Structure formats: C-alpha cells, structure tokens
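Enquirer: pasted the sequence and its predicted model underneath.
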Amino acid sequence: MGTTPLSARRPGLPRGTEMDSDGLMKLNELFLAELDREAPRTRRALESVPLGRDDWKPHAKSMPLGRLAGLVASMPSWIPLIIDQDTLDLSPPSGGGQYQQPTTDQLIAVHDKHVEKARESLAKSKDDFLLTTNWKLLVAGKVVSDEPRHVVLRDTLNHLAHHRGQLTVYLRLNDKAVPAIYGPSADDQRFL
C-alpha cells in the first residue's frame with residue numbers, strides 16, 4: 001500500500017500532497033500546511049512589535065510585552081521538541097532550561113529559524129508515530145501532561161494562535177499597526 005498524490009485527486013491542494021492508503025491526507029501534511037498558513041500571520045504580528053517597550057504590560061498580572069513577543073516568536077520551536085524528544089521538563093533539577101529569550105530586534109530571525117526547524121521535523125514524521133506515541137511535559141520531574149503527540153501538536157498550534165492574539169491586543173494598546181491575521185484589521189484591510 002503506497003500513497004497517492006492528493007493533488008491529483010483534489011484540485012487546489014499543494015502539489016505533492018499525499019494521501020495514505022485509505023485516501024486520507026497524512027497528519028504531517030496537515031500540520032505542515034497549517035504551519036505554512038500560520039507562520040506568515042505570526043511573522044506580520046512580530047514585525048509590529050515596538051522596540052524599547054519590553055517591560056510594558058497592560059496590567060500588573062500580565063506578561064510583559066518583550067516576554068510575550070519572545071514567546072510567540074519561539075513557539076514554533078516546540079514542534080521539534082514534541083516530535084524529536086519524548087519529554088520536556090520546564091524546571092529541570094539542574095536549573096538549566098532550554099529557552100533563551102530573544103531580544104526584540106531578533107524576533108523575526110528567531111521565528112523564521114524555528115519555523116524552518118519545525119518544518120523539517122514535521123516533514124520526517126509519520127502518522128503512526130504521531131498517533132500512537134505520547135509526549136510528556138514535566139515540571140521539576142513531575143509529569144503534568146502525557147498526551148499523544150498529535151494532540152500536543154494541535155494544542156501547540158492553538159496555543160500559538162492564542163498568544164499571537166494576545167500580542168495583537170498589546171500592539172493596539174501601544175498604538176502599533178495590527179496586521180490582518182484571519183481577515184482585515186482596522187490597520188490592514190487585506191484578506192489573507
């Protein structure tokens with residue numbers, strides 16, 4: 001049982017898109033297509049982040065703008081973690097976490113680098129692996145989440161959209177242009 005190019009059977013899909021033996025699109029292809037739609041939207045939001053406002057926040061309990069923008073830029077790096085590692089400890093015993101906060105002037109380069117690595121990991125992943133293996137999130141060695149990888153990938157893309165939306169509110173409150181994301185904004189009338 002092989003795969004059949006989906007674009008040969010369904011016009012309008014990207015060339016080379018494949019289906020599995022049951023005629024369904026592969027999970028990695030679905031995730032790749034979504035990443036390819038979401039990455040430019042995220043990039044546009046990051047392009048509007050103002051310099052020199054890293055500590056600004058709309059409320060005392062809110063995340064500072066620089067930290068939020070760095071998180072949004074870096075979230076595509078979670079995709080290779082989910083595919084290529086079995087676990088991630090947010091507070092490892094040694095205290096040596098993996099996350100490095102990018103500076104505001106590095107946001108675009110960091111985002112683009114992580115999107116490319118995410119694409120590479122997704123491209124090599126297989127449905128069976130995504131459907132049947134779990135990924136664990138730990139905090140100080142304690143498991144706080146143990147879910148199938150495809151669920152964690154879906155939640156990660158939803159989580160990115162959530163924080164990107166939060167970032168656009170911060171942009172508005174700082175009088176910066178809010179880009180079109182899923183349709184026009186008051187500042188960007190494009191339908192994308």
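Expert: Yep, it's here.
Enquirer: so what's the most centrally placed residue in the chain up against?
Expert: Centroid-nearest residue in the chain, with Cα atoms, centre = their mean: Pro76, separated by 3.8 Å. Going by Cβ atoms under 8 Å, 6 or more residues apart in numbering, Pro76 touches Leu35, Ala39, Thr42, His111, His114, Val115, Lys117, Ala118, Leu160. From N, CA and C alone the C-beta is placed, and that goes for glycine too.
Enquirer: which residue packs closest to it, ignoring adjacent ones?
Expert: His114 (3.9 Å; Cβ to Cβ, 6 or more residues apart in numbering).
Enquirer: so how far is Val152 from the residue nearest to the centre of the chain?
Expert: With the distance defined as Cβ to Cβ, to the nearest Å, Pro76 ends up 14 Å from Val152.
Enquirer: likewise Leu107?
Expert: In terms of Cβ to Cβ, Leu107 sits 24 Å off from Val152.
Enquirer: where exactly do the helices run in this structure?
Expert: 6-9, 27-47, 65-74, 78-84, 107-124, 127-132, 149-173 (DSSP state H).
Enquirer: now do the buried residues in the fifth one.
Expert: Residues of helix 107-124 classed as buried by neighbour count (16 or more other Cβ atoms under 10 Å): Leu107, Val110, His111, Lys113, His114, Val115, Lys117, Ala118, Arg119, Ser121, Leu122.
Enquirer: one step back: lowest-confidence stretch among the helices of the chain?
Expert: Mean pLDDT across the helices of the chain is lowest at helix 6-9; the value there is a mean of 44.
Enquirer: what's near enough to touch Arg53?
Expert: Per Cβ under 8 Å, 6+ apart, neighbours of Arg53: Leu65, Gly66, Thr104, Asn174.
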